[in-house]
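[1] Just a sequence and a predicted model for now, questions to come.
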Amino acid sequence: MIERPMYVDKIMAYTDTPFVKILTGVRRCGKSTILKMIMEKLNTMRGIAAERILSYRFDSMEYEDMTAKQIYADIKSRLAPSKRTYLFLDEVQEINGWEKIVNSLASDFNVDIYVTGSNSRMMSSEISTYLTGRYITFRIYTLSFAEYLTFKSAYTAVGTPREELANYIKLGGFPATHLQAYTPDEIYTIVRDIYNSTVFSDIVKRNQVRKVDQLERVVKYTFDNVGNTFSAKSISDYLKAEKRTLDNETVYSYLEKLEKAYLLHRCSRYDMQGKEVLKTQEKFYLADTALRYSVLGYNADTVAASLENVVYLELCRRGYTVNIGKTVDGEIDFVATRQNEKLYIQVTQEIRSEKTEHREYDRLLAISDNHPKYVLLTDDFAGGNYQGIKTMHVADFLLSAE
């Protein structure tokens, strides 16, 4: 296993606390492997005996016909009689009534519980009902650029970060696709299977969606419009033009389901004058850039949008809340806030003209506060400051500690 300390260290800071640790994220982003890493560290570094570490993987057929009560009884029977037991419950959303199991175990026994799930529906109302104030959620993402370089270096020579950025954008960061030297076609086959299993298990089956073709058309529209502002009405109007009738409410419902399955991230606009989040014309970003290319095919013209997607995900990994900044005469790509910190970021593939330069820099210069401002691009000569605005290569930003 290739270590992912960004997550393991953060989660293990809460070991032996009364909080249930919940790992969420898109399918195959590495949640199960992170659980294994934590189990290994508990055993080898903290001296926890193997019999005090119990692991259940609920997407296994072994538990398919078991009720919540039966599973609870099974776990209860295996708990250490006089010492703390460490419980690892993987893909727990597959069990109806899982929240009652976790609540009972956490309340009645000396246990330290770690849970993973691939659908946020199970992480909302159910949790708030049964585990109020007694859980901490950790969002797990596909590989960051730094992690991608680490994974790739384990099986092949790695180029310079600026050279490798193009591969990272094109091939994405699902961990399973970077454990050995796969071809792009092989990677997209793996990612397409992840996409299909997510759509059909976490959306169609779970929500009893009947018109799958409609759902897939909405998916393809959103994948094709990454980085563009649009609304449910925009999609509805587009489908009408293609002789496909779909009302706004249904479109909105589909978008919500895609979010809850962690395939999409909604990025709202923030009115920088009115200081409020706007509810219209949002942007959506993908859980991984490879999703777009595995479903729609690779197109070099989409690299600029994928660059935005990569920067958006990196800001999320670093714990920022990210919005699009609406200004009087345009937009700031990202306004990222984290407690008292704030960053303003413009992302562009390259600056080819004076007009583009003014567009990228002038909007940042118009912001009167002293928070850091960046223009990120892929120009080989990127670097330096422009009237206090940091100009950086996207690869350098992704590998920085900014």
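    That came in fine, so what should we check first?
[2] When you work out contacts or count neighbours from here on, use the C-alpha atoms and nothing else.
    OK.
[3] State the distance from the nearest residue to residue 258 once chain neighbours are set aside to residue 170.
    Counting by C-alpha to C-alpha, 6 or more residues apart in numbering, residue 264 is the residue found nearest to residue 258 once chain neighbours are left out, at 5.7 Å. Separation of residue 264 from residue 170 (C-alpha to C-alpha, to the nearest Å) stands at 18 Å.
[4] Helix or strand with the lowest mean pLDDT in this protein?
    Lowest mean confidence among the helices and strands of the chain (mean pLDDT, DSSP states H and E): helix 125-130, at a mean of 64.
[5] Give the next helix or strand downstream of it.
    Later in the chain than helix 125-130, the nearest helix or strand by DSSP states H and E is strand 135-139.
[6] Report the contact partners of residue 325.
    269-272, 331-335 (C-alpha atoms under 8 Å, 6 or more residues apart in numbering).
[7] Would you mind checking those residues for buried ones?
    Among the contacts of residue 325, those scoring as buried are 269-272, 331-335 (criterion: 16 or more other C-alpha atoms under 10 Å).
[8] Poorly predicted segments of the stretch 301-402 of the chain, please.
    351-356, 358, 382, 402 (pLDDT under 70).
[9] all helices for it, in order.
    303-317, 354-365, 394-398 (DSSP state H, counting those that start in this stretch).
[10] okay, those in JSON lines with distance to residue 179 and mean neighbour count next?
    Below are those laid out as JSON lines (distance: least, C-alpha to C-alpha, whole Å; neighbours: other C-alpha atoms under 10 Å):
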{"stretch": "helix 303-317", "distance to residue 179": "20", "mean neighbour count": "21"}
{"stretch": "helix 354-365", "distance to residue 179": "38", "mean neighbour count": "15"}
{"stretch": "helix 394-398", "distance to residue 179": "21", "mean neighbour count": "20"}
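[11] Nearest to residue 130 among those would be which one?
    Set against residue 130 and scored by C-alpha to C-alpha, those come closest in helix 303-317, at 27.4 Å.
[12] quick one: contacts of the closest one?
    With C-alpha under 8 Å, 6+ apart, helix 303-317 has contacts from 141, 144, 169, 226-227, 285-289, 321-322, 334, 336, 347-349, 394, 398.
[13] ok, 7 Å please
    For helix 303-317, the external contacting residues (C-alpha atoms under 7 Å, 6 or more residues apart in numbering) are 144, 169, 226-227, 285-286, 289, 347-349, 398.
[14] where's the residue lying closest to residue 286 once chain neighbours are set aside relative to residue 183, distance?
    Leaving aside its sequence neighbours, residue 286 sits nearest to residue 264 (C-alpha to C-alpha, 6+ apart; 4.8 Å). With distances taken as C-alpha to C-alpha, residue 264 is found 25 Å from residue 183.
[15] With residue 63 instead?
    Counting by C-alpha to C-alpha, the gap from residue 63 to residue 183 is 36 Å.
[16] Okay then, goodbye and thanks.
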